[in-house]
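Give me a 3D structure for the following:
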Amino acid sequence: MARANEVKDRFRARLQEADARSNDFRKKLLEEGARALEPVVGVLNLMAEVLNEEDNVHGSITGLEAKIDQDNFISLCARLRGTDTEQKIKIKYGPELGGSNYISVSGLNQRYNERLMPGAASCAIGRTVGSDIQLDEHRGDELAEVVREVVEDFYAAQIEQRSHFAYAR
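As a prediction, the model looks like this:
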């Protein structure tokens, strides 16, 4: 019976070691992801504060909590909710096969995608994979500026449509 206890103890120890390594990896990834996504999350939080002000009737922004998903990506899904429409901006941060980290974003329209990845020079600053744009992890400030424009345009367009002055342009 002593042999059975040794097997169990060894197995428990290995499981605890593996859990500790996994937790350390996830903690480090969350710290790196928070750093890389901080400009974007900061802008979205500021804009959400404006929408949460007492007299605001234009909508809300939710889903700004970054979480580690099952694939070990830091992800958030900002939901822009207006009076009649909704738009989702999905942002992920995580490891690429080559070992470097990147920021992946989807939910922007072509106009904003083009700002992040202009023409043929795009291969030097990012790439597209399906509908996602993958950017170098150091481009968080640039992404934050584009996301700010997306949010402003989303809510301003709703006001213009409701007010029927969109044709005045």
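
Is residue 134 in contact with residue 102, as I believe?
Yes - applying Cβ atoms under 8 Å, one finds residue 134 in contact with residue 102, separated by 4.8 Å. (Glycine included, C-beta is placed from N, CA and C.)

Give the residues shared as contacts by the two.
Applying Cβ atoms under 8 Å, 6 or more residues apart in numbering, one finds that residue 134 and residue 102 are jointly contacted by residue 96.

in the chain, which strand has the most residues?
strand 86-95 (DSSP state E).

Show me how far the helix or strand just after it is from its chain's centre.
Past strand 86-95, heading to the C-terminal end, the next element that is a helix or strand (DSSP states H and E) is strand 101-106. Mean-position distance between strand 101-106 and its chain equals 7 Å (Cα atoms, centre = their mean, to the nearest Å).

tell me what strand 101-106 is packed against?
Contacts defined by 3 or more Cβ pairs under 8 Å, 6 or more residues apart in numbering; DSSP states H and E place strand 101-106 against helix 2-51, strand 86-95, strand 132-136, helix 140-163.

redo that, cut-off 6 Å
The helices and strands touching strand 101-106, judged by 3 or more Cβ pairs under 6 Å, 6 or more residues apart in numbering; DSSP states H and E, are strand 86-95, strand 132-136.

Excluding its own residues, what touches the first one? List them.
Translated: strand 86-95. In this structure, residues lying in contact with strand 86-95 by Cβ atoms under 6 Å, 6 or more residues apart in numbering are 33, 36-37, 73-80, 101, 103-107, 154.

Tell me which of residue 134 and residue 102 has more neighbours.
residue 102 (22 against 17; other Cβ atoms under 10 Å).

Could you pull up the residues touching the more buried one?
By Cβ under 6 Å, 6+ apart, the residues touching residue 102 are 96, 134, 137.

ditto for residue 30
By Cβ under 6 Å, 6+ apart, the contact list for residue 30 reads residue 68.

lowest average confidence, helix or strand, in the chain?
Sorting the helices and strands of the chain by mean pLDDT, DSSP states H and E puts helix 122-125 at the bottom, at a mean of 48.

before we move on, the earlier item: which residue in the contacts of residue 102 has the weakest pLDDT?
When the contacts of residue 102 are sorted by pLDDT, the bottom entry is residue 96 at 70.

Low-confidence bits of the chain, can you list those?
1-2, 97-99, 119-130, 163-169 (pLDDT under 70).

Name every strand pairing with the longest strand of the chain and say which way it goes.
strand 74-81 (antiparallel), strand 101-106 (antiparallel) (DSSP bridges).

I'm done for today, thanks for sticking with me.
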